[in-house]
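Undergrad: let's see this in three dimensions:
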Amino acid sequence: GYSSVLVPIYLGEMAPASLRGSLGTLTQFALVIGILVADLLAFPFATLSLWRVLFAVTALTAILQLLISGFLLESPRFLLLRDANSPAARDIIKRLRGLVDDEEVEEAVGTFMSADKEEGEQESMITLLGEMTSNPKIRLLLISSLVLQVSQQLCGINAVFYYSTTFFQGVISNPLVGTTILGAVNVLGTWMALLLMDKVGRKTLILWSSGVMFISCIFIVLAFLGYLNKSISLAAMNVYVIFFEIGLGPIPWLIVAEMFQTRYLAAAMSVSSQVNWVCNFIIGFTFPYMNLYLGPYSFVPFAFFLALCFIYSLFVLPETQGTTPDELAGEEPPAEADPEE
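TA: Just a heads-up that it's a prediction; the model follows:
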């Protein structure tokens, strides 16, 4: 819970604008690699006598993370908010940006300071949310971030991973193999997202992601009904996972750091994370009942929410690539495009 809020904010503050999308996607890349490793570990350890070893892996990973956390750099924005003359912040900026000239460093410092000029004193989340909802343009950004978080979960991706062995019964002799194939495809899809994230607009990727996932859901339902070969359901599920990782996987997290000014960022990320985890719980809890009562139609609700996501993204969702939070909030005119681009 903490990491789902803090990591996107941390990366958003550390990364230059040109790399924010790729570095934000790395969070998702690390998550899907972890899922794949867990799938592979299940082969030797998912037994009645050794299943506790899988829990031990979690503890060992946490210990390793604690040991290497001392190598993390502090956010220069955090340091500059507390001391505008901080030499540590300037040293970190120099190391992160590969700058040599002090004038370039001060220019980067000025960028951080201008972004934080209206940060002011700490205010309660309720106060900040009140301000955000009373401003039409910021309210639209907040609604958009919540729509993407809801769509990320109600598209059904975690139902696929939580209950993947159920889906593959009767399709593959060992359902665990099918789950591992999905995990590998998950990594492949996120790698593709890394290549595309800073070359294609966020809105475009969300449209492709939700659109192709919707079509995949239709094929999955038809295969479950017996109109298509069962192997089609396996292929459609893999396409579904790939296109999730291209758009709806990483973008709902990284786009929050691109949408909101520093003043509102922590509150927006906190609310977005809470909504995401609530929807995650709803899917994890209700899908067995959906599968029981809807049977082969259990992916129809997911297709419905994907269609809504596509429509919202097409007509309402603002593009964040190449913009600043001030521009999106209407407090700064849009930057002119480079005529050579």
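
Undergrad: tell me which helix or strand comes right after the helix or strand bottoming out on mean pLDDT in the chain.
TA: Counting by mean pLDDT, DSSP states H and E, the weakest-scoring helix or strand in the chain turns out to be helix 164-167, with a mean of 70. Downstream of helix 164-167, the first helix or strand assigned by DSSP states H and E is helix 175-196.

Undergrad: for that following helix, buried residues please.
TA: The neighbour-count check on helix 175-196 (16 or more other Cβ atoms under 10 Å) flags 175-176, 178-190, 193-194, 196 as buried. Placement of C-beta: from N, CA and C, glycine included.

Undergrad: remind me, longest helix of the protein?
TA: Using DSSP state H to define each element, the chain has its longest helix at helix 262-294.

Undergrad: buried set for it?
TA: Neighbour counts using 16+ other Cβ under 10 Å place 262-273, 275-276, 279-280, 283, 287, 290-291 of helix 262-294 among the buried residues.

Undergrad: can you check stretch 26-46 too?
TA: By 16+ other Cβ under 10 Å, the buried positions in stretch 26-46 come out as 26-29, 31-32, 35-36, 38-39, 42, 45.

Undergrad: so what touches that stretch?
TA: Contact partners of stretch 26-46, identified using Cβ atoms under 8 Å, 6 or more residues apart in numbering, comprise 7-8, 11, 50-51, 53-54, 57, 161, 176, 179-180, 183-184, 186-187, 189-191, 193-194, 245, 249-250, 253-254.

Undergrad: follow-up on the earlier one: let's have the buried residues of stretch 26-46 in JSON lines, adding secondary structure.
TA: What follows is the buried residues of stretch 26-46, written out as JSON lines (DSSP: H, G, I helix; E, B strand; the rest coil):
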{"residue": "Leu26", "secondary structure": "helix"}
{"residue": "Thr27", "secondary structure": "helix"}
{"residue": "Gln28", "secondary structure": "helix"}
{"residue": "Phe29", "secondary structure": "helix"}
{"residue": "Leu31", "secondary structure": "helix"}
{"residue": "Val32", "secondary structure": "helix"}
{"residue": "Ile35", "secondary structure": "helix"}
{"residue": "Leu36", "secondary structure": "helix"}
{"residue": "Ala38", "secondary structure": "helix"}
{"residue": "Asp39", "secondary structure": "helix"}
{"residue": "Ala42", "secondary structure": "helix"}
{"residue": "Phe45", "secondary structure": "helix"}
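
Undergrad: what's the closest of the residues you listed to Ile93?
TA: Closest approach to Ile93 among the buried residues of stretch 26-46 (Cβ to Cβ): Leu26, at 20.1 Å.

Undergrad: ok so, going back, what does the least confident helix or strand of the chain contact?
TA: So helix 164-167 is in contact with 160, 175-176, 178-179, 182, 233, 237, 291, going by Cβ under 8 Å, 6+ apart.

Undergrad: what about 6 Å?
TA: 175, 179, 182 (Cβ atoms under 6 Å, 6 or more residues apart in numbering).

Undergrad: hang on, the earlier thing: show me what the longest helix of the chain is packed against.
TA: Counting by 3 or more Cβ pairs under 6 Å, 6 or more residues apart in numbering; DSSP states H and E, the packing neighbours recorded for helix 262-294 are helix 2-14, helix 125-134, helix 136-154, helix 157-162, helix 251-259.
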